[in-house]
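Colleague: Sequence and predicted structure below; questions after.
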Amino acid sequence: MKRFSQTLWLVVLVAVLSSSFLMPRAFADDVPEEMKTISEYSILWGDPSESLESVRSASPERWIVVKIGKSFPNKPQHISSVWIKFQLPTHIPKDYGIYIQDIRTQKMKVYIGEHLIRETRYDFPYDAQRGLFPISSEESGETVYLKLESTMDRLSIYSTIRIDQYSILMRSYVLQDLQNIILGSAFLFIALIMLIGSVFLKRGQIRSWVLISIVSLSVGIIFITYSPFVYANFTNYGGLFINLFDVALNVFLPALTWSFEQIFDNGKFKWVRRFRKFQVAYSVLLIAFMFINQLNHYQFNKAYFFVAVTVLGYLMIFQFVLIIGLCFQLMRKGNKEAVVFSIGFGTLAVMSILDLVNFYTSSLNYQFYLWKWGGIALFITLIVILVRRFALNQELLVNYSKELEFYNHQLQLSERTEIISSLAASVAHEVRNPLQVTRGFLQLIGSRSEEKEKEYMQIAIEELDRASVIITDFLTFSKPQLDETVDIDVNQVIKQIEGIIMPLATLQGGRIAVSVPPNLYIRGNVSKFKQVMINLIKNSIEAFQDDGEVQIRAYEMDSKIYLHIKDNGQGIEAAELAKLGKPYFTTKQKGTGLGLMVTFRIIEAMQGEIVFESQKNNGTEVIMSFPKVKQ
């Protein structure tokens, strides 16, 4: 997954870099200083049936002079044809040409003098054309006539008329839309890879993945089919390109809202879901209307333009403002993904709104170009959020595995504990009684025996007492007696234990250091708590080496009382540390492991927790925590 996300980033980066640096070099490095620009031209509104001869003989009063850089005259109503003429320079070098970047027409004929040199015809509702025509030195000073025909609202030249070396103009002509082609191809490639990769995803992940791949696919189609290059060079497929553009746009907008739902909604904004359903229904109707219009040879083109451009444009503005507002609301709540999404979507919204405002304020003569940078920014942020989601899911999966392992361990421990508890409850009482009877008879026989036999009897009695202690531990482990619980003063109990245990520490050649402040209270059984503390302190004393020391300290933190028992003994290895508290595990030669088991059960019954920290030859520290009791 990590390598795949890096590949996606690399593809997007290459596309952006190529689109950013390719165009400036083509126009800045290769255009010579002697390039000329036609400063003005003349237009003549006319009838489509009007011939070149009648236009050439028309009176000068019928021609309207248009200055380059000034406002273009609006097309009069019920006019579908216009003639445009301009004069070529008197001295034209060899291998030169004419390049007009933006011509709005469906049908175009180009004449130099009396000769027809170019004719193009779009039988579909698309009017963005570019003109590149070679001229020779013999045609210097000639008049160029363009006959433009269109059933759409725009009909004129909306860019400068350049005259330059034909090879340079050809490069400009080709590279003008190469940016869109590269970006669109990159998005299509990413969408294809993502769709293939979705086969290997789980059901919970596939929806977001496929949704973003659909966004990438629609953006790629929009980029490519928005470019006039494909219509000029693949005229036979122009109708297909227009349909693909409309379908991709009507898929992209609901998919964008749905992406927002998948990332942030979680059922909070029901009206966002309703708006998305409205978008889906509106898109389906537009696509159906598009095919009806095409089957009827574009007879309903004006109505379709109104619902597919004007109305849809206002819906896009509403959609962008709506989602940006919700993103700001989520950002105020500290949602990090909302910040990332807002950066990309905000860029798309601002760029698209600027394009739409320019489009409507320029009498529909504006050429959209800002939106594509917003589309790139949005897609990158969607990929970032998707990869972040996968990383979080992976982290959740790892944590879930750890928790599952922990609970499985606790379950096994609980099962073993239950088995031992059952054994202790059923056997201990039955075994203790015969032991007591046997001990009594051994004492009786020992009082009547010789000295040598008395020694043997005493050993037998001591072993019986040891067995009785083990049985008592079994009973305690089976059911810690905490029926009589009181508020325990930790400081007072530790002082009592210190007096009891200090001689043992001195006998072992060590010492005990106690640091327990007053007014620390916990809830529990005093005798059982003493049993826990004595058992743990004795374990620390038995681990003494040279200059042994046991540090006992207590403190309050976060409404809990913490007790630490730390020694500087031989320590415990990590593998053994994990087994502490398990049945029959002990590091002592004559131990049974029941002491720590009893300690764990008593602490658990007091709603406490116990943790061991140790390193070999660096001592062991026991950390206990109990709920604090307010006095």
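Modeller: Okay, I see it.
Colleague: switch to C-alpha atoms for all contacts and neighbour counts from now on
Modeller: Noted.
Colleague: What residue spans form the domains of this structure?
Modeller: In terms of domains, the chain is parsed into 1-30+177-233, 34-174, 247-369, 401-478, 486-627 (source: automatic domain parsing).
Colleague: what about stretch 64-79, start to end distance?
Modeller: Stretch 64-79 has an end-to-end distance of 15 Å (criterion: Cα to Cα, to the nearest Å).
Colleague: cool, stretch 220-239 as well?
Modeller: For stretch 220-239, the first-to-last residue distance is 18 Å (Cα to Cα).
Colleague: give me every residue that touches Phe300.
Modeller: Residues near Phe300 by Cα atoms under 8 Å, 6 or more residues apart in numbering: Asn293.
Colleague: Against Phe291, how distant is it?
Modeller: Phe300 is 11 Å from Phe291, by Cα to Cα.
Colleague: ok, and what's touching the helix or strand hosting Met533?
Modeller: Under the criterion DSSP states H and E, the helix or strand holding Met533 is helix 526-542. Judged by Cα under 8 Å, 6+ apart, the contacts made with helix 526-542 from elsewhere in the structure are 480-482, 485-486, 488, 493, 497, 501, 504-505, 508, 510, 548-550, 565-567, 569, 595-596, 599, 602-603, 620.
Colleague: Tell me where the stretch 451-600 of the chain has strands.
Modeller: 486-489, 510-515, 521-524, 548-557, 560-567 (DSSP state E, counting those that start in this stretch).
Colleague: is it possible to export these to TSV including mean pLDDT, mean neighbour count and distance to Leu464?
Modeller: Rendered in TSV, the data for those read as follows (pLDDT from 0 to 100; neighbours: other Cα atoms under 10 Å; distance: least, Cα to Cα, whole Å):
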stretch	mean pLDDT	mean neighbour count	distance to Leu464
strand 486-489	90	16	34
strand 510-515	89	16	31
strand 521-524	91	22	31
strand 548-557	91	19	32
strand 560-567	92	21	32
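Colleague: what's the closest of these to His115?
Modeller: Taking Cα to Cα as the measure, the strands of the stretch 451-600 of the chain were each checked against His115, and strand 548-557 came out nearest at 96.7 Å.
Colleague: The closest one pairs with which strands, parallel or anti?
Modeller: Paired strands of strand 548-557, with direction, are strand 510-515 (parallel), strand 560-567 (antiparallel) (DSSP bridges).
Colleague: Looking at those, which is nearest to Asp127?
Modeller: When the strands paired with strand 548-557 are ranked by proximity to Asp127, the top entry is strand 560-567, at 77.5 Å, counting by Cα to Cα.
Colleague: on that earlier part again, got CSV for the strands paired with strand 548-557, with distance to Tyr314 too?
Modeller: Shown next, in CSV, are the strands paired with strand 548-557 (distance: least, Cα to Cα, whole Å):
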stretch, distance to Tyr314
strand 510-515, 74
strand 560-567, 60
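Colleague: Out of those, flag the one nearest Ala281.
Modeller: Each of the strands paired with strand 548-557 was scored for nearness to Ala281 using Cα to Cα, and the closest is strand 560-567 (59.2 Å).
Colleague: ok and that closest one relative to helix 526-542, angle-wise?
Modeller: Orientation of strand 560-567 against helix 526-542 (axes from the mean of the first three to the mean of the last three Cα atoms, to 10 degrees) gives an angle of 30 degrees.
Colleague: Now the phi/psi pair for Val272, please.
Modeller: Backbone torsions for Val272, taken as degrees, to the nearest 10, come to phi -70, psi -40.
Colleague: what's near enough to touch it?
Modeller: With contact set as Cα under 8 Å, 6+ apart, Val272 has these partners: Thr257, Glu261.
Colleague: Centroid-nearest residue for the protein?
Modeller: Ile385 (2.2 Å; Cα atoms, centre = their mean).
Colleague: What pLDDT is listed against that one?
Modeller: pLDDT recorded at Ile385 is 73.
Colleague: What residues of the helix holding Met533 count as buried?
Modeller: Judged by neighbour count using 16 or more other Cα atoms under 10 Å, the buried positions of helix 526-542 are 526, 528-534, 536-537, 539-541.
Colleague: Sort out which residues of stretch 620-631 are buried, please.
Modeller: Of the residues in stretch 620-631, those scored as buried under the neighbour-count criterion (16+ other Cα under 10 Å) are Thr620, Glu621, Val622, Ile623, Met624, Ser625, Phe626, Pro627, Lys628, Val629.
Colleague: Now do the first one, the pLDDT please.
Modeller: Read that as Thr620. Among the per-residue scores, Thr620 shows a pLDDT of 89.
Colleague: Next, count neighbours for Leu386.
Modeller: The burial count assigned to Leu386 is 19, neighbours taken as other Cα atoms under 10 Å.
Colleague: That one is in contact with Arg207, isn't it?
Modeller: No - with the criterion set as Cα atoms under 8 Å, Leu386 and Arg207 do not qualify as a contacting pair; they are 11.1 Å apart.
Colleague: Output the buried residues of helix 526-542 as a markdown table; include the columns pLDDT and distance to Leu315.
Modeller: Below are those laid out as a markdown table (pLDDT from 0 to 100; distance: Cα to Cα, whole Å):
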| residue | pLDDT | distance to Leu315 |
| --- | --- | --- |
| Val526 | 85 | 74 |
| Lys528 | 83 | 73 |
| Phe529 | 88 | 72 |
| Lys530 | 86 | 75 |
| Gln531 | 83 | 75 |
| Val532 | 87 | 72 |
| Met533 | 89 | 73 |
| Ile534 | 86 | 77 |
| Leu536 | 88 | 73 |
| Ile537 | 88 | 75 |
| Asn539 | 84 | 76 |
| Ser540 | 86 | 75 |
| Ile541 | 84 | 79 |
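Colleague: a strand runs through Asp123, doesn't it?
Modeller: No - with DSSP: H, G, I helix; E, B strand; the rest coil as the criterion, Asp123 is coil rather than part of a strand.
Colleague: next one: phi and psi at it?
Modeller: Here Asp123 shows phi and psi, under degrees, to the nearest 10, equal to phi -90, psi 30.
Colleague: And the nearest residue to it once chain neighbours are set aside, what's its pLDDT?
Modeller: The shortest distance from Asp123 to any residue other than its chain neighbours is 7.4 Å, reached at Gln106 (Cα to Cα, 6 or more residues apart in numbering). The predicted structure scores Gln106 at 89 on the pLDDT scale.
Colleague: quick one: contacts for Gln106?
Modeller: For Gln106, the contact set (Cα under 8 Å, 6+ apart) comprises 120-129, 148-151.
Colleague: try it again with 7 Å
Modeller: Taking Cα atoms under 7 Å, 6 or more residues apart in numbering, we find Gln106 in contact with Arg121, Tyr122, Tyr126, Asp127, Glu149, Ser150.
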